[in-house]
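Novice: Next comes the sequence, and after it the predicted model I'd like to discuss.
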Amino acid sequence: MTITNEPGADVAVPSELITVIVDGVAIGVPKGTLAIRAAEMLGIEIPRFCDHPLLDPVAACRACLVEIEGVPKPQPACAQVVSDGMQIKTQFSSDVAREAQEGVMEFLLLNHPLDCPVCDKGGECPLQNQAMSVGRPESRFTLDKREFEKPINVSAQILLDRERCVSCARCTRFADQIAGDPMLELLERGAQQQVGTADDEPFDSYFSGNTIQICPVGALTSATYRFRARPFDLVSVPTACEHCASGCSLRTDYRRSTITRRLAWDDPEVNEEWNCDKGRFAFPYMQQGRLEWPLIREDGELRTASWPEAIDVAARGLQAAGKDTAVLVGGRSTVEDAYAYQRFARAVLGTDNIDFRARANSAEEHSFLASRVAGTPVQVEYSDLESAPTVLLVSFEPEDESPIVFLRLRKASRTGTRVYSVGSGTTRGLEKMAGTCIPALPGREADVLASLPADVRDALAEPGAVIMVGERAAASSGTLTAVVELAESTGAALAWVPRRAGERGALDAGALAGVLPGGRPLTDAIARNSIAQAWGLAESDLPRPGLSGVELHDAITEGRISAALVGGVEPADYPLDAVEALGDLDFVVSLENHHSAVTELADVVLPVAVVSEKSGTFVDWEGRPRPFGQVFRDAMMGSDAYVLGMLASALDRAQPSTVTDIRAELGRLGPWTGSRIPFEPARVDSAQADTTGEVRLDSWRLLLDLGVMQEGDPHLAATARPTVARMSPGTAQRFAIGTHVRIEGPGGFVQLPVELDESMIDGVVWTPMNSEGCRVYRDLGVGYGHAVSIAPATEGGSA
Amino acid sequence: MSTPLTPVITEFWDRPDLYTLDGYRAVGGYRALERALTMDPDDIIAQVKDSGLRGRGGAGFPTGMKWGFVPQGDGKPHYLVVNADESEPGACKDIPIMMANPHALVEGVIIASYAIRANHAFIYIRGEVPNAIRKVEFAVKQAKEAGLIGSNIQGSGFDLDVVVHSGAGAYICGEETALLDSLEGYRGQPRLKPPFPAVAGLYASPTVINNVETIANVPYIVDRGVEWFRGFGTEKSPGFKVFAVSGHVKRPGIYEAPLGITMRELLDYAGGMRDGSEVKFWIPGGSSVPMLTPEHLDLPLTYESMAEAGTMLGTGTPMVFDQTTSVVKAVTRWLEFYKHESCGKCTPCREGTYWITGVLEKFEHGHGQEQEMETLTSLCSQISGRSFCALGDAAATPYPAAMKYFRDEFLAATHTSADEQFDPVASYVFAGAAAR
């Protein structure tokens, strides 16, 4: 699944090998290797339940007992560190080991209900498989099994059938060691031992679904998948996650053209064996409420149309607007689709008015992305985070905004990586990374970055240090400039971490004004020539630099733009009133898979494929391509690129419209090695720097919120964090805020329960960006870093 | 009576005020501490090593060697933890020591802490014995007030704080690493070793864990010397032992005697078996060690001789049963205890005790099947040596030993219940029961 840029470059060569003998076969292994791993290297499989390569050994299940020469008692291979010359005898060469393992297997099945025929795990169950291979054919146990009430909810999503549990403690260790959410614990003693949670604290971890996947029995199931399918009836396809820029490899399982579940795929270089609950459970959107046919607006109403008619109407409308068209590409596009959008814009419509940033953005960010990110090779990888002595996070909350980055940083912090975060307080995520908050008022990060404590600056100057900046930096002027200056002055590596899966790929594909594919400057003669040649055009046919971001929005509202081609954009994601702006246009074409605020005002709606219906590539925050295949090979829906190809054809232009053809064209273009667009530093926006407002708003999107791609799984939604406003006790006191606060901006107000946070600096209020009861742009009319006023909540007043 | 009793820890137990600082001082208490504080800590470790003192908690590990494992000059805090979680069925010697002579324990704690360079000691006492906890807390308080615990003790420059911690009533917390987890505030379950506590114990720092009686021995060794201590007992089991005899004897109680005394001698001290009764079987030290029969009464009670006889000295608290006792019933009760107390961490102990207990209960009610006797034997061998900690091994102990000596009784239990074989009332210890 993983595409490595430099094969073999990261393979650690162990410095010291020692020799161990397993079942009479000698093998050299690195010092510190566990016996069970040494045996695996020789292809010798020892039974195991509690053992998991990414969890600390616990040696609880005793299924892996082996004989070790010179040791009187059989030892658990999962916890036995090998020593030079150690002779290990597994069940294949030792009666002691075999009998010990068979004994444990017999014990494990005592209180297990053996309800395999009705168990979700049946068919892919380690207990079932190992019982078949090392268990007794008939049980000697004739007494009553212990019983539990079944199932219990450890969270809204995760159900637990305690009688199936073999107490391997994988789930509890995962929760504690990997996720840092130790809300699952083993309770009671002896055969009554059971997994459970505190009464008032469900297992609402963003990573809870992983416990289902690593459970070696069917004790943990999800409300979504439970009783929906048998593993052997499923077809599995390796895929990549479309929910964020972490870049997880997934496995998608379907049955009768319906996705039943998604699992984390083993990808040691990226997501290891984990993923987040959004990636795992948020797939029903693909199968509910889909647009099936093209729609055309007639007399103000949308009506179903045939494909030829809709393509014809759309093509003529866009042709009429020509270079006065804006092309807005959502952050969920694949590289191939984004490439098709920008090629259509530039080669067919003759415009460079294109932007993939369906969110708060800035000219400073444009300059940053064009100069430092677009088309660059991988600069920081996951493994670099693990080995970094120090990581500085700026405008970035990994647990919510890139959960696998969070897991890797947490793993790194457990082995000594120091994590600092420039923000308004120590979040729960930062605590789990043992991180330190460097306090900054939202919008004033630039000042803080310019005057970092000396020890932090020094730490960033150490080899291997990393600065990670999130997409929110665009909403706080001067931040990216300060980050670039800091990286240059300290030598720390710099990584930009967008939130959405398609952003980095869209940038690399050239879906941004002024930036051609591969980060080629639109103003560079060599770049223009090579692109024109690839597209079968004259250099002069390529457009002059167009508009993006705020400038493009202004041009739309001022009537300088007459049409828009919009692919997968939620207008509510912009801090500006994008719906109103788009509504004023003469002609809007929407490529969508669901009805949205854009389809509501579009003149032509063209349905397109979701990820399960197409193949493509995402590029994760590292810059690592995450290609994925089509789940449903007989899907009828075409991709954005396919539809754009039809539009081009209707205008007598040809452009590649299949993944194969687009990849081939990108391959022919190759990487850009010419001059890059220079970075233009920006100064702090004086309006935003104005601190005369009462308090400043800090806000980001929680991992689980009202995002449209999370629709359709109520169990997942129920594990979202409650909507609260956070502030320091000092702030609450100053404004006499009690249990609830009224937050008011120019666009309205919200009333939210208050959570006091000792770690937060005064003069800041935090709210989730897009959660139930608090949609910041819509409800307050301002966003991150802006001044709002707060007061005690008023009776019955809710926005 | 060839072997005399040798009261040392128990010598002044008839003094009502022995539990107080004044009472303890009046009989020479804290003299050893004064001497110890003038000694090089390494010399104290060497002295304890030379004395041959072995752990009195059951395993008999040489105490001085244990102290010697603590790395010195490592810059980490060191801890002394006293295991006062006495909860072994049949064991009743640490709690009486804490009740009657708590200052011997406290003095031992201070000396041992000084020797291993621990500035913090914990006494983890079983939560069900508040009276013992109160006695030890009182002794620690008095010692603090007298400047025997605190900073710069007796001008020696040695600082020590002692914390008395009450457990929450789990047998597993007597297992030393589970005790550490419990002490740290976690659920008590045994830890994976290595690392051993001497390297990474309490709060991941070097830690010595000793039994109450072991520590209470230390002041006497420091005060009276290695020669004196080695004058008792045998080469491999030097010293004296607080034996707690219980069961069908006339005078159950505490008898302090040199190691190497025989059970027959102890029985004599205990007034012999109750009238009209004879020894049927006995266990040398807690239910976790295999039972013996009258033919073993003349074996010396030492670590080595008990091992030779296929059992262990254990806690040195013999339980003696007469002919009115059903072996099936006794073994069932013990297994019920282990099933109830199995912590659940490892499969063999968690599931094995559940299964064995269930089968034994069938036998107790006369519903056993002959082939199940072999099943039980194999189940015990599936636990023994395969479990995570010694609790599993202990649970696998009673049945095989009982089978070795009393197979016929189990065979009879395939058709006749234990209560029909042995009138339960007849086995009661209280007076007059036998007559009914």
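Specialist: Yes, it's here.
Novice: got the residues of chain B near chain A?
Specialist: Counting by C-beta under 8 Å from any C-beta of the partner chain, chain B comes close to chain A at B:170, B:172, B:187, B:192, B:339-348, B:350-355, B:358-359, B:375, B:378, B:381-382, B:385-388. C-beta here means a position set from N, CA and C on the backbone, and glycine is covered the same way.
Novice: Quick check: helices, which of these are part of them?
Specialist: B:339-341, B:347-348, B:350-355, B:358-359, B:375, B:378, B:381-382 (DSSP state H).
Novice: Please report how far the residue in the stretch 1-150 of chain B that chain A sits nearest to lies from A:Asn111.
Specialist: For the stretch 1-150 of chain B, the nearest residue to chain A under the criterion C-beta to the nearest C-beta is B:Ser87, separated by 13.5 Å. Between B:Ser87 and A:Asn111 the distance, using C-beta to C-beta, to the nearest Å, works out to 26 Å.
Novice: which of those two has more neighbours?
Specialist: A side-by-side neighbour count of B:Ser87 and A:Asn111, using other C-beta atoms under 10 Å in any protein chain shown, places A:Asn111 first with 25 against 21.
Novice: quick one: contacts for the more buried one?
Specialist: For A:Asn111, the contacting residues are A:Lys145, A:Arg146, A:Glu163, A:Ala191, B:Glu351, B:Tyr354, by C-beta atoms under 8 Å, 6 or more residues apart in numbering or on different chains.
Novice: ok, 10 Å please
Specialist: Going by C-beta atoms under 10 Å, 6 or more residues apart in numbering or on different chains, A:Asn111 touches A:141, A:143-148, A:162-167, A:191-192, B:350-351, B:354-355.
Novice: what's the answer for A:Cys78, then?
Specialist: Going by C-beta under 10 Å, 6+ apart, A:Cys78 touches A:34-37, A:46, A:48-53, A:55, A:57-66, B:192.
Novice: Now intersect the contacts of A:Asn111 with the helices, please.
Specialist: For the contacts of A:Asn111, the ones inside helices are B:Arg350, B:Glu351, B:Tyr354, B:Trp355, with DSSP H as the criterion.
Novice: Need the residues you listed in CSV (columns: pLDDT and neighbour count).
Specialist: As requested, the ones in helices among the contacts of A:Asn111 are arranged in CSV below (pLDDT from 0 to 100; neighbours: other C-beta atoms under 10 Å in any protein chain shown):
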residue, pLDDT, neighbour count
B:Arg350, 98, 31
B:Glu351, 98, 30
B:Tyr354, 98, 23
B:Trp355, 98, 25
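Novice: distance between the ends of stretch A:701-708?
Specialist: 13 Å (C-alpha to C-alpha, to the nearest Å).
Novice: what's the answer for stretch A:165-173, then?
Specialist: Looking at stretch A:165-173, the gap from its leading to its trailing residue is 15 Å under the measure C-alpha to C-alpha.
Novice: Could you do stretch B:122-137 as well?
Specialist: Stretch B:122-137 has its terminal residues 11 Å apart, counting by C-alpha to C-alpha.
Novice: With stretch A:72-88 instead?
Specialist: Counting by C-alpha to C-alpha: the opening and closing residues of stretch A:72-88 are 13 Å apart.
Novice: Pull out the buried positions in that stretch.
Specialist: When neighbours are counted by 16 or more other C-beta atoms under 10 Å in any protein chain shown, the buried residues of stretch A:72-88 are found to be A:Pro74, A:Gln75, A:Pro76, A:Ala77, A:Cys78, A:Ala79, A:Gln80, A:Val82, A:Met86, A:Gln87, A:Ile88.
Novice: got it, and stretch A:119-137?
Specialist: A:Cys119, A:Asp120, A:Lys121, A:Gly122, A:Cys125, A:Pro126, A:Leu127, A:Gln128, A:Gln130, A:Ala131, A:Val134, A:Gly135.
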